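just coords:
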């Protein structure tokens, strides 16, 4: 089957496009998106669709980024397809909003796709993800400890809007298609930098795993397809439970009948509680496995009354034979977090914040560039940390010597204000301390005293992981 036939079959199988649709095609300039544009242009009359090209210059790579934009613009003009080229200072956006480069870029990209699609009346937005991307996503989610929902990978059709026509194609086949059809494309130099986890998986881990299974990508793709169907089934079953008499809405929360909940299969118990939490906070995800296990364990301990705090200001209370999911009052919303000793090396779970601190000791020559790490990671001089490490939230009177201020000490409160960190988020930012001194305001900035220097030999790599 040819590449074009595969794309056409994929579009029909997943009902991606209807005749008369205007489709926004997100084109980065790389081989995947350039092939996607070329294929959809060739199929537009057969499918009865109109195309609109969108490109975002993230401003990460200076001249390279401008050359990417120029290629996309020239290609759209050559094809006679209307286009929109947006330039957005994503690095500044990431700093202002305390996000990693990848997280910030994704957020900006999808926000712009949504806005421009609305402006031009696009019914679908086509993305260039393919089977190799799916395999890497499954591996990345597995390494993060994701459950079934994460292991199904991304969807061929999401939210009845985002479509992935190259969903079943291999990267090598797409590149061959570009070669045969003389399609020009650009290579993002940052894709070769292993400071990013996704690149490490693609460039280092996948080749090793393919020694054990040469058909790794196809195997993971098929596995994701199976898990996607099973996840969809469980979601539907959980949805039925959430509309049953065992659950009812009570003002600012939900009430569950514990006997009926306990009679459900364990997989459904977890999903039902996740669904209720998601309804209350307005978005899916963000509720860790540990939070649910605490509640389920407490349910097995008898009929006593108790309460447990969940992320985003939700708490669960048991009273007699009922379980209440409610939003905490403003005065109780910021529950204090105890001090936790950080395992070095290892992982330390911080239940009160729903995060994990991962610690590894590295040596000079085998480590990463501190300036290239995302905000959720940091490198510190391990030899300067001559005491046990702990993590806690802020205390009244905390002071901090931020990196870049030559050792000057400021009140942590003032630092948060200067960094424009919202008041409601300050109480939930983990602080890594050593001998009482703040070594890292996690996700924001390390301390000057513990920075990596030219003489640093042992380095501590810390990662902040949301559950």
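Yep, it's here. Values in this document were obtained by computation on a predicted structure and should not be read as measured data.

can we go C-alpha only for contacts and neighbour counts from here?
Noted.

quick check on the residue most central in space within the chain: phi, psi?
When C-alpha atoms, centre = their mean is applied to the chain, the residue found nearest the centroid is residue 103 (6.7 Å). The phi/psi pair for residue 103 (degrees, to the nearest 10) reads phi -70, psi -50.

counting contacts, what elements does the strand or helix carrying residue 414 pack onto?
Element membership for residue 414, per DSSP states H and E: helix 412-418. For helix 412-418, the helices and strands in contact under the criterion 3 or more C-alpha pairs under 8 Å, 6 or more residues apart in numbering; DSSP states H and E are strand 399-400.

what's around residue 282, how many residues?
Residues near residue 282, counting by other C-alpha atoms under 10 Å, number 8.

the one 10 residues further on now?
Residues contacting residue 292 under the criterion other C-alpha under 10 Å number 18.

next, count neighbours for the residue nearest to it when sequence neighbours are not counted.
Distance criterion C-alpha to C-alpha, 6 or more residues apart in numbering; nearest residue to residue 292, sequence neighbours excluded, is residue 270 at 6.7 Å. Residue 270: 18 surrounding residues under other C-alpha under 10 Å.

just checking, what packs against the helix or strand containing residue 270?
In this assignment (DSSP H and E), residue 270 forms part of helix 266-281. In terms of contact count using 3+ C-alpha pairs under 8 Å, 6+ apart, helix 266-281 is assigned the packing partners helix 216-242, strand 322-327.

what's the helix or strand for residue 10?
Going by DSSP H and E, residue 10 is part of helix 3-13.

contacts for the next helix or strand after the helix holding residue 270, please.
Remark: after helix 266-281, the chain's next helix or strand is helix 289-299, criterion DSSP H and E. Contacts made with helix 289-299 from outside it, assessed by C-alpha atoms under 8 Å, 6 or more residues apart in numbering, are listed as 270, 273, 308, 310, 351, 354, 467.

for the second one, which non-adjacent residue is closest in space?
Right, residue 273. Nearest to residue 273 is residue 292, by C-alpha to C-alpha, 6+ apart, at 7.7 Å.

residue 404 contacts residue 448, doesn't it?
Yes - in this structure, residue 404 is within contact of residue 448 by C-alpha atoms under 8 Å, at 6.5 Å.

who's more crowded, those two?
Set residue 404 next to residue 448 and count neighbours by other C-alpha under 10 Å: residue 448 wins out with 20 against 12.

in contact with the more buried one, which residues?
Residue 448 neighbours (C-alpha under 8 Å, 6+ apart): 401-407.

can you rerun that using 6 Å?
For residue 448, the contacting residues are 401-403, 407, by C-alpha atoms under 6 Å, 6 or more residues apart in numbering.

export the residues you listed to CSV and tack on distance to residue 358?
Formatted as CSV, these follow (distance: C-alpha to C-alpha, whole Å):
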residue, distance to residue 358
401, 23
402, 22
403, 21
407, 26
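
which one of these is nearest residue 164?
Distance to residue 164 across the contacts of residue 448 (C-alpha to C-alpha) is lowest for residue 403, with 42.4 Å.

and residue 321, what pLDDT?
If you check residue 321, the pLDDT there is 79.

before we move on, the earlier item: need the winner for burial among the helices and strands packed on helix 266-281.
Most buried of the helices and strands packed on helix 266-281, by mean neighbour count (mean count of other C-alpha atoms under 10 Å): strand 322-327, with a mean of 22.

show me what that strand is in contact with.
With C-alpha under 6 Å, 6+ apart, strand 322-327 has contacts from 252-258, 313-317.

between the residues you listed, which is closest to residue 59?
Closest to residue 59, out of all of the contacts of strand 322-327 and judged by C-alpha to C-alpha, is residue 313, at 36.2 Å.

quick one, phi/psi of that closest one?
phi 70, psi 30.

got the buried residues for stretch 8-25?
Neighbour counts over stretch 8-25 (16 or more other C-alpha atoms under 10 Å) mark 8, 10-11, 16-17, 21-25 as buried.

out of these, which sit inside strands?
22-25 (DSSP state E).

okay if I get those residues as TSV plus distance to residue 35 and pLDDT?
TSV is the format used below for those (distance: C-alpha to C-alpha, whole Å; pLDDT from 0 to 100):
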residue	distance to residue 35	pLDDT
22	19	96
23	15	97
24	15	97
25	11	97
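
include distance to residue 224 when you put those residues into CSV, please.
Formatted as CSV, these follow (distance: C-alpha to C-alpha, whole Å):
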residue, distance to residue 224
22, 29
23, 26
24, 26
25, 25
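
out of those residues, which is nearest to residue 236?
Using C-alpha to C-alpha, those come closest to residue 236 at residue 23, 29.4 Å.

OK, contacts around that closest one?
Applying C-alpha under 6 Å, 6+ apart, the residues near residue 23 are 51, 122, 124-125.

which of these ranks first by neighbour count?
So for the contacts of residue 23 (other C-alpha under 10 Å), the most neighbours sit at residue 125, 27 neighbours.

tell me the one of the contacts of helix 289-299 nearest residue 55?
residue 467 (32.5 Å).

can you give me the strands in the stretch 351-467 of the chain?
355-363, 377-381, 389-392, 399-400, 410-411, 431-434, 437-441, 445-446, 458-466 (DSSP state E, counting those that start in this stretch).

mind putting those strands into a markdown table with distance to residue 262?
Formatted as a markdown table, these follow (distance: least, C-alpha to C-alpha, whole Å):
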| stretch | distance to residue 262 |
| --- | --- |
| strand 355-363 | 27 |
| strand 377-381 | 40 |
| strand 389-392 | 34 |
| strand 399-400 | 47 |
| strand 410-411 | 49 |
| strand 431-434 | 38 |
| strand 437-441 | 41 |
| strand 445-446 | 44 |
| strand 458-466 | 28 |
